[in-house]
Every structure is written in C-alpha cells, then in structure tokens.
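Trainee: Pasted the sequence and its predicted model underneath.
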Amino acid sequence: MDLVFRARRVITPMGEIAADVGVVDGRIVAVESFIESPNVVHLADDEVLLPGLVDTHVHVNDPGRSEWEGFETATRAAAAGGVTTIIDMPLNSIPPTVETAALEIKRKAAANVSVDVGFWGGIIPGNLADLKPLHEAGVFGFKCFLIHSGVDEFPAVSKDELEAALRELATLDALTIVHAEDAHTVRESEPDYAGFLASRPREAENRAISDVVELTRKTGARTHILHLSSSDALSILEAAKRESLPITAETCPHYLTFTAEEIHDGETEFKCCPPIREAENRETLWWGLREGLIDLVVSDHSPSTVELKAGDFATAWGGIASLQLGLPAVWTGARARDFHLTDVVRWMATHPARQVGLETKGAIEVGKDADLVVFAPEQKFVVDKNALHHRNPVTPYHGRELFGVVRQTWLRGKEIGTTQGKLLRRGEA
C-alpha cells in the first residue's frame with residue numbers, strides 16, 4: 001500500500017464502519033479491518049473519514065469575470081470545504097460555454113486548480129448545432145434557463161427551443177439541467193425582501209417544472225431541475241418519478257438553512273434566484289430529501305464582487321457564495337433533524353457523482369479514486385467571511401455557528417496542497 005487511512009468511523013456505501021482504507025496509485029484498493037503499511041494516517045477519535053464531495057453546481061466565472069471568483073480561489077475554497085470535484089457552469093464566464101471554442105478557452109483558464117474540474121455546456125437560442133460537438137468534447141451535460149439568466153450573453157430559451165434541444169440531446173443520452181422559473185409568472189422586484197420574494201413566487205417554479213416534466217415525457221431526454229426552492233413542486237416531481245420519467249432534482253444548502261422570516265431589508269447577501277422561502281417551506285424540502293424526491297444537494301456557488309451585492313433586493317446580484325461551507329451547513333441542519341452522515345454523503349457525493357457519470361468518484365469503495373476528507377462532525381465554529389478562500393468576502397453564513405470542521409482533504413491519495421487537480425472529460429473518469 002502507498003498509504004492507509006485508519007479510522008473508527010468510515011462512511012461507505014454499506015454504511016458507517018470501522019476500517020482501514022488502502023490506497024495504491026491514487027485509487028482505493030482495499031477497505032478492510034486491518035491493513036499493514038508503513039504509511040498510516042491515523043484519524044482521531046472525533047474524526048470521520050468521508051469520500052470527497054462532488055459539487056455539480058459551481059459558477060467559477062472565469063475567464064471574463066474572474067474578479068467575481070476564478071479557478072484558483074474557487075478550487076482552493078472547495079478543497080477547504082471537503083469538495084474534491086466541481087463541475088463548472090457555462091455562465092457567467094465570458095465567453096459562455098456554448099460552443100467548443102469557448103470550452104477550450106475555459107479549459108486554458110483552469111490551468112491552476114486544487115481539485116478536479118469538469119464543465120457543463122450551455123443551451124441558448126441558435127446553438128442547436130453546437131450541442132453534439134460540445135458533447136463529443138467532453139462536457140458533462142447542458143444547462144439552460146427558462147427565464148433571463150442575469151447576463152445578456154446567456155439568453156433564455158423558449159419552451160419550443162428547449163424541446164428541440166431535448167430531442168437532439170436524447171439521441172446522445174446527454175443530461176439537460178434546467179433553471180426552472182416561468183418568465184411569465186415572475187414580475188419586477190421591489191427593493192425590500194418581502195417584495196423580492198413576492199416577485200418570484202412558488203408558482204413560477206411549479207409551472208416551469210411542470211413544463212420540464214411534460215417535455216421529458218415527450219422527448220425521452222434526461223432532465224434535471226436545478227436549485228429547487230419551492231416545496232410545492234415536490235408533488236410534481238413525485239408524480240414524475242412514479243411515472244419513471246428520467247428526471248431528477250437538487251436543492252442547495254441555503255434553502256435548507258435560511259428562512260425568509262430571518263432576512264431583513266438590505267441584507268442582500270441572502271439574495272438568490274429562486275429565493276429563500278418561508279420556514280415551513282424549508283422543512284418540507286428536508287422532508288423531500290428524506291423521501292428521496294430530491295436527489296442531491298449542491299452549492300449553486302454564485303459569487304460576485306462586494307459592489308454588485310450592495311444596494312437593495314431589486315438591484316443587487318442574485319447569487320450566494322457558499323462553496324467552502326456546504327458540508328458543515330448541510331450537516332448542521334441534518335444532525336438537528338436526526339439524519340446521519342451517510343445521508344449527507346449520499347446527497348453531496350454519491351448521487352452527484354452518479355448523476356454526471358463520474359464512476360470513480362463519490363464513495364469509499366474499492367476501485368474509486370482516493371478522494372478523502374477527514375471531518376470532525378461535532379466540532380463547532382463561527383463563520384468568518386474574511387477567513388474563507390472565496391475571492392470576495394460576501395456570504396450570508398457570516399457569523400453563523402455551524403457544526404463540522406474539515407481538517408484534511410486528499411485528492412487521489414495526496415493531501416491537497418501537495419498536488420493539483422486535473423480537468424475532467426465526460427466518460428474518462
């Protein structure tokens with residue numbers, strides 16, 4: 001063995017066990033009760049060994065808006081938060097990843113990364129012919145918006161345009177991920193939080209998700225609902241799953257943590273689209289995770305500069321910076337509701353890896369990459385925005401007490417800081 005991790009608590013697909021995890025050439029080759037090796041990492045009694053998390057919803061914004069974030073800072077934050085693989089969104093970079101030339105520009109921008117990085121392609125009006133070349137170039141699927149994206153270079157698609165794209169992508173068995181808010185239901189926001197929340201009601205999500213379900217049924221394409229915030233839509237997803245339609249859904253740590261009732265006017269660090277909703281809505285999202293109606297939890301890390309987050313809820317940038325904090329945020333909420341670390345690993349590592357076809361990621365078992373996290377689940381800390389690795393010190397978690405500290409992160413058997421991540425292509429890992 002090149003290295004052995006010895007822990008009283010290891011989260012595996014079979015549950016939590018005491019085990020040694022043996023590593024050769026960056027891969028897990030054994031999960032057994034005792035493995036002899038001169039190189040042993042001994043976990044402390046308060047530590048648990050987790051697989052590296054897979055975050056399939058990250059806006060790195062590089063190139064073009066690297067002052068918002070950037071690959072170096074984003075991946076360093078990911079590693080500090082126990083995330084060993086990210087899939088980067090096709091916006092808000094310039095150019096957006098809607099053709100193969102833009103994909104190559106983005107890959108060159110990602111020359112210095114701390115974790116493994118893959119890329120989504122984008123669907124916009126007029127790029128139907130670019131979808132197959134992007135798929136062949138190794139993107140992990142395709143994102144579209146049913147409402148204005150927030151940046152003009154990545155316009156929304158109509159229902160007819162989405163159907164055409166889904167028919168094309170069904171022939172490739174490619175995944176389509178959808179920002180599902182109905183443009184005809186959303187209205188202009190007021191500057192206060194109550195007005196912002198009312199401008200993007202649950203019905204906007206419910207209608208858009210119903211449209212995606214209908215198109216999934218018509219085309220047979222695989223679809224995925226991004227950042228679900230409306231708990232009302234769970235009944236729509238439940239019916240689609242009963243019908244065995246190939247549709248999945250995610251939610252995000254901020255929807256599981258915060259409530260509309262606690263957000264005050266001017267606290268624009270909480271602004272995101274769709275918005276953070278009421279406390280009862282949050283609890284129903286947790287129920288949706290328990291029932292398997294929501295498949296995964298990912299960050300939707302969407303940072304910007306301090307200046308863009310200033311102002312009021314009508315004008316500030318809509319996005320939450322949380323890449324480094326997803327694991328403790330979700331674990332804090334999960335432990336309070338009698339979930340287990342096995343649940344968190346399923347939502348944040350195993351299912352995201354499976355969704356995008358990363359067969360060597362997302363679990364501690366033989367044959368997987370030795371992407372491992374040493375986690376102290378009962379250690380508490382208070383979030384300090386200035387201590388995070390994100391490029392800009394803006395996050396709604398500032399000052400919040402959370403459970404769970406990431407003490408070490410390993411990528412393919414090497415502690416991050418001594419090794420670099422690599423760029424992933426669909427089908428290669």
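Mentor: Received, thanks. Numbering: from 1, shown residues only.

Trainee: so which strand or helix has Lys241?
Mentor: helix 234-242 (DSSP states H and E).

Trainee: In terms of helices and strands, where is the residue lying closest to Ser158 once chain neighbours are set aside?
Mentor: Distances taken as Cβ to Cβ, 6 or more residues apart in numbering place Pro125 nearest to Ser158, at 7.6 Å, with adjacent residues excluded. For glycine as for every other residue, the C-beta is placed from the backbone atoms N, C-alpha and C. Pro125 belongs to no helix or strand when assigned by DSSP H and E.

Trainee: any idea how far Val157 is from Pro125?
Mentor: 6 Å (Cβ to Cβ, to the nearest Å).

Trainee: okay, these two: which has more neighbours?
Mentor: Ranked by neighbour count (other Cβ atoms under 10 Å), Pro125 and Val157 place Val157 first, with 20 against 12.

Trainee: tell me the contacts of the more buried one?
Mentor: Val157 sits next to 123-125, 144-146, 165 when contact means Cβ atoms under 8 Å, 6 or more residues apart in numbering.

Trainee: excluding its backbone neighbours, what's nearest it?
Mentor: In space, Val157 is closest to Cys144, 5.0 Å off (Cβ to Cβ, 6+ apart).

Trainee: again with Arg207
Mentor: Asp182 (4.1 Å).

Trainee: ok, back up a step: give me the helices and strands touching the helix holding Lys241, please.
Mentor: With contacts taken as 3 or more Cβ pairs under 8 Å, 6 or more residues apart in numbering; DSSP states H and E, helix 234-242 sits against helix 202-219, strand 247-251, helix 279-290.

Trainee: Just tell me which of these ends up closest to Asp88.
Mentor: Proximity to Asp88 (Cβ to Cβ) singles out strand 247-251 among the helices and strands packed on helix 234-242, at 15.8 Å.

Trainee: Which neighbours in the sheet does the closest one have, and how are they oriented?
Mentor: strand 222-225 (parallel), strand 296-297 (parallel) (DSSP bridges).

Trainee: hmm, back to that, how close does the residue nearest to Ser158 get to Glu214?
Mentor: 20 Å.

Trainee: One more: Val60?
Mentor: As for Val60, its distance to Glu214 is 32 Å (criterion: Cβ to Cβ).

Trainee: Neighbours of Pro155, how many?
Mentor: Applying other Cβ under 10 Å, I find that Pro155 has 15 neighbouring residues.

Trainee: coming back round to it: of the strands paired with strand 247-251, flag the one that's most buried.
Mentor: strand 296-297 (a mean of 27; mean count of other Cβ atoms under 10 Å).

Trainee: Give me the contacts around that one.
Mentor: Counting by Cβ under 8 Å, 6+ apart, residues outside strand 296-297 touching it are 56, 248, 250-253, 256, 289, 326, 330, 344, 347-348, 351-352, 355.

Trainee: Having no further points to raise, I will conclude here.
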